[in-house]
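Student: Quick one, what's the 3D model for this:
(one chain, ligands or ions: 1)
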Amino acid sequence: MADPLVYLNGNFVPYADARLGVEDRSVQFGDGVYEVVRYYDGRAFKMESHMRRLARSAAGIELTIPPVEEISRAMDKLVRRQNLQDAAVYLQITRGETARVQGIPRGLSPNVIAIARPASSVRPMPGMKVVTQSDDRWARCNLKTTMLLPAMLARSRAERLGAADAVFIRDGFVTEATAANVFVVRDGTVLTPPLSNYLLAGCTREALLELYAANGITAREELITHADLLAADEVFLTSTNSELRPVIAIDGRPVGSGEVGPLFARTLSLFDAATRTAVLA
Ligand SMILES: Cc1ncc(COP(=O)(O)O)c(C=O)c1O
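Tutor: Modelled structure (predicted):
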């Protein structure tokens, strides 16, 4: 794809002309919130959930943002103007620009940026290896902020260890992966950690819980210990960007049989049907 068009504060501008100032708060402090929304066949998947979470994240960092309807319309236009069918839109709202002060300056104009790029679904999804890692992020992981250094460092450590991602463990319990939620299967039941301030309320996670309920698959939000994770029959990660990824090894040991499991396969086919027909708003 040629350079993507950029949505910047109400305008659609060529990539090369889209600029933020050197004293933008996102440059100084990672002071902003973001979302990634996936489009399938030209339609946004779970846009309302993404916009609800965006509003919660913004409120959580005391940032006033434009109406979310305006933002979702801009994202739709960005996709349509570039004739994209399957795409991922990255949206970021920074607090705006000012001389660097540590406190939160009032009355700044936030910068709203969105970029859409083509995205394809990899099928079949290959199994991935992960490592576990102590969750040393902050205690507001329910907010989707651009301040991602702890997650980046954890991903980098995982890659050094020959894995694709890290699953965080806080006080003995699984929270999430660096950019995905965690599901495990035990004795035919699907489990995922309950929402708290220690993990992001994933829109893909929400979609799966809805699909399980609608299709008679037993699924529960339940605390998962480090030992539960290692003993699970199946483990998989979910996110907008990477969709559903089966985990076949954790810390060098196989998950279940070491193969992609049957509940993952069932989940992926339900997910594909939902994304392609936009059953879930
Ligand atoms: C830390 C974290 N947890 C979970 C998720 C999954 O959320 P979603 O399914 O809404 O993409 C993400 C997505 O990027 C994430 O960064």
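Student: distance of the spatially most central residue of the chain from the ligand?
Tutor: The chain has Ser239 as the residue nearest its centroid, 4.6 Å off, counting by CA atoms, centre = their mean. For Ser239, the distance to the ligand equals 4 Å [CB to the nearest ligand atom, to the nearest Å]. From N, CA and C alone the C-beta is placed, and that goes for glycine too.
Student: got it, and Pro14?
Tutor: Distance, Pro14 to the ligand, by CB to the nearest ligand atom: 27 Å.
Student: show me the contacts for that residue.
Tutor: By CB atoms under 8 Å, 6 or more residues apart in numbering, the residues touching Pro14 are 3, 5-6.
Student: Of the residues you listed, which is the nearest to the ligand?
Tutor: Ranked by distance to the ligand (CB to the nearest ligand atom), the contacts of Pro14 are led by Val6 at 20.5 Å.
Student: ok so, going back, I'd like the contacts of Pro14 written out as TSV, with distance to the ligand and secondary structure added.
Tutor: Below are the contacts of Pro14 laid out as TSV (distance: CB to the nearest ligand atom, whole Å; DSSP: H, G, I helix; E, B strand; the rest coil):
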residue	distance to the ligand	secondary structure
Asp3	24	coil
Leu5	23	coil
Val6	21	strand
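Student: From those residues, list just the buried residues.
Tutor: 5-6 (16 or more other CB atoms under 10 Å).
Student: got the residue ranges for the helices in the stretch 51-200 of the chain?
Tutor: 68-81, 149-160 (DSSP state H, counting those that start in this stretch).
Student: between those, which one is nearest to the ligand?
Tutor: Short answer: helix 149-160, nearest of the helices of the stretch 51-200 of the chain by CB to the nearest ligand atom, at 6.2 Å.
Student: Tell me the gap between that closest one and the middle of its chain.
Tutor: In this view, helix 149-160 has its centroid 16 Å away from the chain centroid, taken as CA atoms, centre = their mean, to the nearest Å.
Student: Would you mark the buried spots in that helix?
Tutor: So, applying 16+ other CB under 10 Å, buried residues of helix 149-160: 150-151, 154-155, 158.
Student: which residues make contact with it from outside it?
Tutor: Identification of contacts with helix 149-160 by CB under 8 Å, 6+ apart yields 30, 130-131, 133, 136-138, 164-166, 168, 178-179.
Student: do stretch 248-261 as well
Tutor: The contact list for stretch 248-261 (CB under 8 Å, 6+ apart) reads 124-125, 127-132, 163, 167, 185, 229-230, 232-235, 246-247.
Student: and the nearest residue to Asn215 once chain neighbours are set aside, how many neighbours does it have?
Tutor: Spatial nearest neighbour of Asn215, excluding adjacent residues (CB to CB, 6 or more residues apart in numbering): Leu270 at 6.1 Å. Leu270 has 20 neighbouring residues, counting by other CB atoms under 10 Å.
Student: and what of Asp251?
Tutor: For Asp251, using other CB under 10 Å, the count is 15.
Student: now Lys129
Tutor: 19.
Student: Quick check, it in contact with Ala166.
Tutor: No: Lys129 lies out of contact with Ala166 (CB atoms under 8 Å); the separation is 10.6 Å.
Student: Identify the residues contacting the residue lying farthest from the centre of the chain.
Tutor: What lies farthest from the middle of the chain is Ala99; by CA atoms, centre = their mean that is 31.1 Å. Shown in contact with Ala99 (CB under 8 Å, 6+ apart): Glu23.
Student: Now with 10 Å, please.
Tutor: The contact partners of Ala99, taken as CB atoms under 10 Å, 6 or more residues apart in numbering, are 23, 28, 105.
Student: buried subset of the contacts of stretch 248-261?
Tutor: Listed as buried from these are 125, 127-132, 163, 167, 185, 229, 232-235, 246-247; burial here means 16+ other CB under 10 Å.
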